[in-house]
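>>> need coordinates for the below:
(2 chains)
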Amino acid sequence: MVTIGDAHDDLIHDAVLDYYGKRLATCSSDKTIKIFEVDGDKHTLVETLRGHDGPVWQVSWAHPKFGIILASASYDGKVLIWQEQNGQWSNIAEHAVHQSSVNSVSWAPHEFGAVLLCASSDGTVSVVDFKDDGTTSPIVFKAHEIGVNAASWAPVDTNKKDQQVRRFVTGGCDDLAKIWRFDAQANTYIQEAILEGHTDWVRDVAWSPSLLLRSYIATASQDHSVIVWTQKSDGSGAWEKQLLQAEKFPDVVWRASWSLSGNVLAISGGDNKITLWKENLKGAWESAGEVEQ
Amino acid sequence: MSRSPYDSMTFGNTLSLRVDSAVSAISLSPNGRDAVLAGRKGLYVVDMDDPFSAPRWIQHATSWEVADVQWSRHAAKPSWVVSTSNQKAMVWNLARSSSRALEHVLHRHVRAITDINFHPTDPEILATCSVDTFTFVWDMRAPRKPCHLFPDWRTAATQVKWSYADPHVLASSHENYFYIWDTRKGAKPLHTVQAHTAKINGLDFSKTSASQLISCSNDMTVKIWDYETSIEKPAHVIRTEFPVARARYLPFGDDGCGILPLSGGSNAVYIANYRDSADAAMKPTYVFKGHSMPVRDFLWRERYAAYPATDDREFQLVTWAKDRDLRLWKTNDELYARTGLVRNNTFVDLFDENPHPHDPKEAPYSYDTFSVEPSTEGVFRNRKYLFVSKGSANKFSHLDWISGVRIGSGNAGTNFFDHQPANLGEEVSLVGHKFPKIRFEKISVSTGRLVVSLNGAWSGLDEESDLLFIRVEIDFPPEYPALSPRFAVEQSHELSAAVQHEMALELARVADTYAERSRFSLEACLRCLMGEKLNLEEFTDDELAMGVLEDAYDYAASSAVSDEEEEDDEEELVPLVSITARGTRSAPTGRFDSTPVPKGCGAVWTRDGGLLCFFVSKVSKEKNVLKFDSQGFGIKAKGALANLLTDSLSSASSASSDSFDEDWNDILVKDGPKRALMPGLWNRGLKDYGDFRSKRPGSLPTERSLGTTTSSKNTVRIFDYSHLIPDKIALAREYRILGDSPEVLARYNAEVARAHGFLDIADCWRVVAVLLTKDVDNTPDGLLNLHPNKAFPEILKHAHPDSLRFFWGGHPFGRNWLVREIFRYYERLGNVQMLAMLSCVLYENAETIFDPSIPISVPFKKPVSLLVERTTVVAVKATPAPRFNSLSGSVSSYASSVKSGSPERFSRSRKHISSAQSFVDPFALFSPIKKEGITSVLMGRTMSDSHARDGHSSHRNDSRHDLHIPKTASETSRWPEKKRSVVHTVLIQMLNETVLDVYDTMYISNLLDAKYEDRYTYYREEYSDLLYAWGLPSSRVQVLKFNYTSAMASSDDTHKCGIGLVAPLAKLQDCHYCGLRIRKSVFVCNVCEHVLHASCATEWWDGERECPSGCGCLCLEKML
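Numbers count the residues shown, from 1 in each chain, chains lettered A, B, ... in the order given. As a prediction, this is how the structure comes out:
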């Protein structure tokens, strides 16, 4: 078990392993991002990335086919793209279209190319396509009043290679989660569905990476609840909601994360605890354990 | 000093007080004279009647936002104030000196307290509610533990309020519902009211109606309930256009309520009549608008006379907003009229026959202020206090305070640009900021007395002394500036009587000159004191004013700068908002900043089933705690801080301030005894620390040295939770899906699963193995006797007409039921690994369905077209026979993996090929692969497969009705007639189709339903991604083979032959024969590394021996 204590001088807001599980990126209120090499139980700090003027909320590794690339989102309203080449990290791009804190950043499924999704407290979402020729074409649009707290890409259905549509879900301060679909003609994203059910800010949205039976979206909210939304594969496209547990969580829920094939949902919240959830054969969600530091 | 509320100069007047501190809660004293403002640095007690006097400051440095402060409203306890400090409630007695004002600490909650409410009738009782979901009722006579507790268990309590009518009843709100509790009924609520669709922010009981209360919520509604009537439906609903932070009954009038927006709503306070607004949009009867940021709280200041004959109550609205302005609002009769308060009506006094004659200017309650330190303490105490307060005088700038006071004008700041300060207070603040060297030892604007000390250039008679220390007491008459102030210069040994006299004369002259013009003269007088010679005769009115005007600009600029700094510091230290203040923080721009509370803890799954977690660490147990007790600050070692701190953290209080807090504690521990001597640290501590931090981001050794070595702030940890994930890496490493008959593979995989302890999966594999048993002994006694343990080579021996291939067809154990159920089960489990493995092992290649020599699940396509093509195009230089021999030899050496090939078969095909005379060895083109064992084996097997399949293609063609495979004439004619006999045998079986249903429809009934082919493809795709992430690329390729089967491949499959031949990209650019870019099949010389298109190669080598590049290499010969 790898344990890294006191990596940062302040609260850590995100930690992500890269595709191969060899590099760990952490980000913190101390405005830095740290890169660790992880090998078995050992870890070494390889780099501290400085460049943000505010707390760094989230980091995201790009698919390795684009190189060793990391995107980071910060309170200072900027998204910075970092690249490692020959062991040297450098900031290769800056994406600063947001007026307010950028709360979430995530790379699209690699099939779409190097596409970055950012959600900001200024109420907008931006999708940046880093094209091969080095140009970018950000699409910025208003997604939620007050602010957008999280965004998550839908997985690519490899079966329908010809009609792959970029879709993602966003969660915001208007207590809603919304699903967006790319409209190639208008070159923007149109709202496909509204997931209404929370009574407070939606803090995190997570689209299950697996499409085994149906699509799952987990939304975590400040109202102390987590809702799992399932889309029936019957083609109607309707989303059904199901509370992860009928009882409220003891504290606000901050984050939801699906395991790689969507089997286990990890929920973390304000009480510094992490709970794991599994769907049983009857389709009900059961606790699968609790992690305490 | 006003002694009666009717002497108050601020009541009924507009007043703006800027309090530059992180104040988050406010409450008023029962007599309406004092306001207590509670913040992170402590409590400020402000005398609203004498706004220029410095507020009393009770230090209580806390890193947590103060959620609520309440002044006892009882005449019996007029000095009690309760404030929150995270999970503790501090009861302050303002009648004591500030250093020992803390009377009780109510500490039973385990999470942050969100609201406090005094009992309306019993002065000793109060209620608190907390994020820990509990509502406690405390009795001050026994403050160690609560006397009642009301749990909700589920969600945090946001508000608690006592009923005015029933002393036993109180209400607490949680999320979107609230409870009505009765202290006599214990933890069972009287009522549970599902009031709103979003979080409730405020509750308030009606003062007139027993069971009525008002609730407001983020769902933009205010609801008035009568719980005796209905708990389902509110009596009235007011819809607003903003989330409502507070809604309270007005203390006057009928049916009025004050509504405070949480955000939006033009930062105003609205007065509305809920009967008017019932079930409709709010129709405010009055709006108090003027703050530049959302209002935090609003309160009513009240005054009334003793024994009045009429209702002479008067009210004044007091608001505290995020713009750090404490405002008193002018109340006019219009408001009273609109809210239905009829003033000055004669009371019909039923009980008092003989009304007292009274003085209407007398209030029936004491009108003392608590904003000054009590002086009744013992001498010892008093001295101690003075010592402390000397420090505090330094840190609290009275001048700054005074400059924040605006009387009579709602717009702060405009006065700076008037030519004249509006009053003495403003003048003092302007002058004070202009001359930072001058010390204002005492400022009392209300009495008009200043004590100033400075160093003046009054060398006087003594020539060597350059600067003199001068202390002057200045008395301003109430008529100032029309009358000149009086100066009294203090005597000292440095100051001779002569100089003193000269000074007094000069001052009087200056002051009088200004007083004649009714100008404020303080600045001129001070300049004079400092030794400047003022030429008063030349002064015009304009110039007199100019001096002040310059100040105004200077000060405005400097204050702006300092404000910015302040803001920056706030940003630095408080990028976070506590739960109670969620969403109400504003960015420096004044725009609503909706940045959510940062996550301090989280978990992200890694690709291999690990759970990457990050936490806020629990701090080390041995920790020194700064603790309050009745003796003031004390420093005590305490072990239980860990819980306390983590709780405070998890309630989303500021993280950075937490880390500060730790270090802060350490500073205090080290410097505890000298604490009072470090006023600068106290005052600037937060700021300095912030600057320090912002200048040097990242890890700071200096910063660390302040902190203890044992403190840890966060942890990142990777837990192994792969046991929860059904996809197992261990299995993936050993599973096999190719290279044997599916039955054997299934058995093998079952063993793998069993060896790793996954018995359920092993069972499944065994069932699958039975399903997959294809070869049945055709002898009468062994017809239905399956041979589970038969090894593949034996099967080969049975590959004669007597041997039968067994298919489930439409049997429920086939795809119609069992297979489908297995898939459904693993889909439910989300076991991609099993799904993908099964969809590989159960795969049946339609083209090899009848060839027992080839595992039925092998998905490869026979390279027919390639063979045929080459036959027509390529001519062979070398003799093919030895090559084939060497190839078959290599195949047999890999017999374990390539069981389908047999030397016998190869020699047969070779014989056949040589008889055909036109066949060309396709390997001639790809000889380099011979060096790479694996690749050549694969190729070899493909080769033999294709031959074997060829051998049976005619057979298949005859017996199969639905599947049509196009064949070339050359192919059919190539095979000897001998093969035909096999066909006859099968045809006979076909005749008995109806009897032997085992064989019926076996072609359309693959074990995998073709209908769901895309789903199987998806499983394999998913699983291959997993395998790649797990570092098993070769397993991934094997799985993916099933996704790119012959059925899917395009007619041009030459690229399959190209696998393994990819040279470095740089070399792969242009064909050295035609000069065009090479994309697919390629010929590479392994000596000179020159490349050619495969087609070009055949053309070139047709006649040439040397490399087309001209390098002189004899590629073909070198290759072999």
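
>>> from chain B, how far off is the nearest residue to residue A:127 once chain neighbours are set aside?
Nearest residue to residue A:127, sequence neighbours excluded (C-beta to C-beta, 6 or more residues apart in numbering or on different chains): residue A:139, at 4.8 Å. Heads up, the C-betas are built off the backbone N, CA and C, glycines and all. Remark: distance between residue A:139 and chain B (C-beta to the nearest C-beta, to the nearest Å) = 22 Å.

>>> can I see the domain layout of chain B?
Here the domain assignment for chain B is B:424-530, B:724-780+B:806-853+B:1003-1049, B:1066-1119, based on the TED database.

>>> residues near residue A:193, how many?
18 (other C-beta atoms under 10 Å in any protein chain shown).

>>> just the element for residue B:1075, please.
When secondary structure is defined by DSSP states H and E, residue B:1075 falls outside every helix and strand.

>>> which bits of the stretch 51-200 of chain A sit near chain B?
Contacts of the stretch 51-200 of chain A with chain B, taken as C-beta under 8 Å from any C-beta of the partner chain, map to A:54-55, A:57, A:75, A:100-101, A:103, A:121, A:123, A:146-147, A:149, A:157-159, A:173, A:175, A:199-200.

>>> now the strands for the stretch 151-293 of chain A?
Shown for the stretch 151-293 of chain A, the strands assigned by DSSP state E, counting those that start in this stretch span residues A:167-172, A:176-183, A:188-196, A:202-207, A:215-221, A:226-231, A:239-243, A:253-258, A:264-269, A:274-279, A:285-291.

>>> quick one: closest of those to residue B:606.
Nearest of those to residue B:606, taken as C-beta to C-beta: strand A:253-258 at 9.9 Å.

>>> just give me how far the closest one sits from the chain centre.
Mean-position distance between strand A:253-258 and its chain equals 9 Å (C-alpha atoms, centre = their mean, to the nearest Å).

>>> could you look up the SS state of the residue lying closest to residue A:102 once chain neighbours are set aside?
In this structure, residue A:102 finds its nearest non-sequential neighbour in residue A:73, 3.9 Å apart by C-beta to C-beta, 6+ apart. Using DSSP: H, G, I helix; E, B strand; the rest coil, the structure places residue A:73 in strand.

>>> residue A:73 reaches residue A:55, doesn't it?
No: counting by C-beta atoms under 8 Å, residue A:73 stays clear of residue A:55, with 10.1 Å between them.

>>> who has more neighbours out of the two?
Taking neighbours as other C-beta under 10 Å, residue A:73 and residue A:55 compare with residue A:73 leading, 30 against 24.

>>> contacts only, for the more buried one.
Counting by C-beta atoms under 8 Å, 6 or more residues apart in numbering or on different chains, residue A:73 makes contact with A:56, A:57, A:58, A:59, A:79, A:102, A:103, A:104, A:105, A:118.

>>> what is the burial count for the third one?
This means residue A:58. Neighbour count of residue A:58, defined by other C-beta under 10 Å: 23.

>>> helix or strand for residue A:13, which one?
strand A:12-17.

>>> got the angle for that strand vs strand A:253-258?
Interaxial angle of strand A:12-17 relative to strand A:253-258 (axes from the mean of the first three to the mean of the last three C-alpha atoms, to 10 degrees): 10 degrees.

>>> what lies in contact with strand A:12-17?
For strand A:12-17, the external contacting residues (C-beta under 8 Å, 6+ apart) are A:23-29, A:38, A:55-61, B:598-600, B:602, B:604, B:606-607, B:610, B:612-614, B:714, B:716, B:718.

>>> what's the helix or strand following that strand packed up against?
Next in sequence after strand A:12-17, counting helices and strands by DSSP H and E, comes strand A:23-28. The contact analysis (3 or more C-beta pairs under 8 Å, 6 or more residues apart in numbering or on different chains; DSSP states H and E) places strand A:23-28 against strand A:2-5, strand A:12-17, strand A:32-39, strand A:56-61, strand A:68-74, strand B:714-720.

>>> ok so, going back, listing partners with orientation, what would you give for the strand holding residue A:13?
Strand pairing for strand A:12-17, determined by DSSP bridges: strand A:23-28 (antiparallel).

>>> how far out from the middle of the chain is the strand it pairs with?
Centroid separation for strand A:23-28 versus its chain: 14 Å, with C-alpha atoms, centre = their mean.

>>> over to stretch A:96-113?
Relative to the chain's own centre, stretch A:96-113 is displaced by 9 Å; criterion: C-alpha atoms, centre = their mean.

>>> may I see the buried residues of that stretch?
A:97-98, A:100-109, A:112 (16 or more other C-beta atoms under 10 Å in any protein chain shown).

>>> check contacts around the closest residue to chain B within the stretch 1-150 of chain A.
Residue nearest to chain B within the stretch 1-150 of chain A (C-beta to the nearest C-beta): residue A:147, separated by 3.3 Å. The contact partners of residue A:147, by C-beta under 8 Å, 6+ apart, come to A:100, A:103, A:120, A:121, A:122, A:123, A:172, A:173, B:594, B:595, B:596.

>>> and what about the first one, helix, strand or coil?
Yep, that's residue A:100 we're talking about. Here residue A:100 is coil, with the state taken from three-state DSSP.

>>> and it, backbone torsions?
The phi/psi pair for residue A:100 (degrees, to the nearest 10) reads phi -140, psi -180.

>>> correct me if wrong: it contacts residue A:118.
No: Residue A:100 is not in contact with residue A:118 according to C-beta under 8 Å; the separation is 11.5 Å.

>>> excluding chain neighbours, what is closest to residue A:115?
Spatial nearest neighbour of residue A:115, excluding adjacent residues (C-beta to C-beta, 6+ apart): residue A:108 at 3.8 Å.

>>> endpoint to endpoint, stretch B:46-62 covers what distance?
End-to-end distance for stretch B:46-62, by C-alpha to C-alpha, to the nearest Å: 20 Å.

>>> and stretch A:213-229, by the same measure?
Counting by C-alpha to C-alpha, you get 13 Å between the two ends of stretch A:213-229.

>>> near chain B at all, that stretch?
Yes: for a cut-off given as C-beta under 8 Å from any C-beta, stretch A:213-229 has contacts with chain B, namely A:213, A:222, A:223, A:224.

>>> buried residues, that stretch. List them.
Quick answer for stretch A:213-229 (16+ other C-beta under 10 Å): A:213, A:215-229.

>>> nearest to residue B:817, of those residues?
Checking the buried residues of stretch A:213-229 against residue B:817 with C-beta to C-beta, the nearest one is residue A:213 at 19.2 Å.
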